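Asker: 3D, please:
(one chain, ligands or ions: 1)
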Amino acid sequence: MIKQAIIPLAGLGTRLLPLTSVFAKELLPINGKPGIEYIIDECIDAGVNEIIFIISKKKRMIKKYFYNDKFYKSLIKNKKDPRIIREYKKILKYKKKIKFVYQNKPLGTGDAVLKTKKFITNNYFLMLLPDDLIMKKNCSKDMIKLHKKYKASVMASMTVKKNNVNRWGIYSLSKKIDKNNFVISDVIEKPSSKEAPSNNAVIGRYILSKHIFKFLKKQKKGKGGEIHITDSIKTMIENKFPFIGHKFSGKYLDCGSMKGYIKSTIEISKL
Ligand code: UTP
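Answerer: Okay, here's the model as predicted:
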């Protein structure tokens, strides 16, 4: 059973500057709701009951967002506004499920994941990257079903333009399981279009086995001097750990770049 999810939130968000110079990008509103709430809702709806946020000192405002009880309580006492009561109840529901761990230096996604090692109690866990919103269909839920059936790790995937492959982890596949699911034979982080084995990109939803921590501990820096989760996944695949690529249905929105963030707001308001 997948009952735990982790969400790396300790990155700098440089593509959304100047907004991120003082603000956590995951709290930026997308159609009146912080991006991170869409991600939490996806987890809860998929049956997850513990969500581990990896934040940094610089992003403490994320914790504050969920721990602002005094403020809500005094407001509600003076002003019995049903909307405020509803919103506070929602925040309390989220708060019960969230734990915080810290990664104070943004050394890369792999290093961020390693910080959760002592909190992961089950053999497999879910990881969601908050820049990637998938609307209309619960991608995590579909991946959990797939994991149950094949007892393998699963990564969400979509095809990207060949001239864009250097923004993603790109994988090659060895076998088709069915129309939307494949056995992955290799993965490479942000390849040049020459290096890329395909235009199948890994999107920010992963079901990972606890074994990943052994590989992350030994993981050396990769592209851009960062410790990438993709590089440890590559080693796991080489060591015969099964990974399935899942072409998700649902609408993908990239909220990590300024252009993507603006587009996401418009697209979500139309749903
Ligand atoms: P990215 O590298 O894509 O985004 O990290 P970023 O660092 O937040 O933003 P840019 O690229 O500077 O604009 C993918 C996810 O991993 C987290 C980020 O917060 C983001 O959710 N991350 C990244 C960490 O938690 N720690 C890191 O050291 C790096």
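Asker: how many neighbours does the closest residue in space to Lys162 that isn't next to it in sequence have?
Answerer: Closest residue in space to Lys162, ignoring its immediate chain neighbours: Asn199 at 5.2 Å, by CB to CB, 6 or more residues apart in numbering. From N, CA and C alone the C-beta is placed, and that goes for glycine too. Asn199 has 16 neighbours, counted by other CB atoms under 10 Å.
Asker: Tell me who's in contact with Asn199.
Answerer: With contact set as CB atoms under 8 Å, 6 or more residues apart in numbering, Asn199 has these partners: Thr159, Val160, Lys161, Lys162, Val165, Ile170.
Asker: residues contacting the first one?
Answerer: Read that as Thr159. By CB under 8 Å, 6+ apart, the contact list for Thr159 reads Asn199, Asn200, Ala201, Lys247.
Asker: just the fifth one next, same as before
Answerer: Val165 makes contacts with Lys190, Pro191, Ser192, Ser193, Ala196, Asn199, Ala201, as judged by CB under 8 Å, 6+ apart.
Asker: Pull the most distant pair out of these.
Answerer: Ser192 and Ala201 (14.2 Å; CB to CB).
Asker: between those two, which one's more packed in?
Answerer: Ala201 (22 against 9).
Asker: so which strand or helix has the more buried one?
Answerer: Using DSSP states H and E, Ala201 sits within strand 200-209.
Asker: does any bit of that strand sit next to the ligand?
Answerer: No: Strand 200-209 is not in contact with the ligand by CB under 6 Å from any ligand atom; minimum separation 7.3 Å.
Asker: Output the contacting helices and strands for that strand.
Answerer: Here strand 200-209 touches strand 124-128, strand 132-135, helix 139-150, strand 153-159, strand 169-178, helix 229-238, going by 3 or more CB pairs under 8 Å, 6 or more residues apart in numbering; DSSP states H and E.
Asker: Any buried residues in the longest helix seen in the chain, and which?
Answerer: Longest helix of the chain, by residue count under DSSP state H: helix 82-97. Neighbour counts over helix 82-97 (16 or more other CB atoms under 10 Å) mark Tyr88, Ile91, Tyr94, Lys97 as buried.
Asker: Please see if stretch 101-113 touches the ligand.
Answerer: Yes: against the ligand, stretch 101-113 shows contacts by CB under 6 Å from any ligand atom at Gln103, Pro106, Leu107, Gly108, Thr109, Asp111, Ala112.
Asker: Emit the ChimeraX select command for whichever of those are buried.
Answerer: Remark: buried members of these, expressed as a ChimeraX selection using 16+ other CB under 10 Å:
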select :103,106,108,109,111,112
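Asker: Where helices are concerned, which of the residues of stretch 101-113 next to the ligand count?
Answerer: Reading helices off the residues of stretch 101-113 next to the ligand with DSSP H, I get Thr109, Asp111, Ala112.
Asker: Would you format these as a markdown table with distance to Ala152 and pLDDT included?
Answerer: Converted to a markdown table, these look like this (distance: CB to CB, whole Å; pLDDT from 0 to 100):
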| residue | distance to Ala152 | pLDDT |
| --- | --- | --- |
| Thr109 | 21 | 97 |
| Asp111 | 25 | 98 |
| Ala112 | 23 | 98 |
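Asker: quick one on the thing from earlier: what about the strand holding Ala201, average pLDDT?
Answerer: On average, the pLDDT along strand 200-209 is 97.
Asker: one step back: just the contacts of Val165 now: which is nearest the ligand?
Answerer: Lys190 (10.1 Å; CB to the nearest ligand atom).
Asker: Next, the contact list for Ala46, please.
Answerer: So Ala46 contacts Ile2, Leu126, Asn138, Ser140, Lys141, Ile144 (CB under 8 Å, 6+ apart).
Asker: swap the cut-off to 10 Å and go again
Answerer: 2-3, 5, 126, 128, 138-145, 205 (CB atoms under 10 Å, 6 or more residues apart in numbering).
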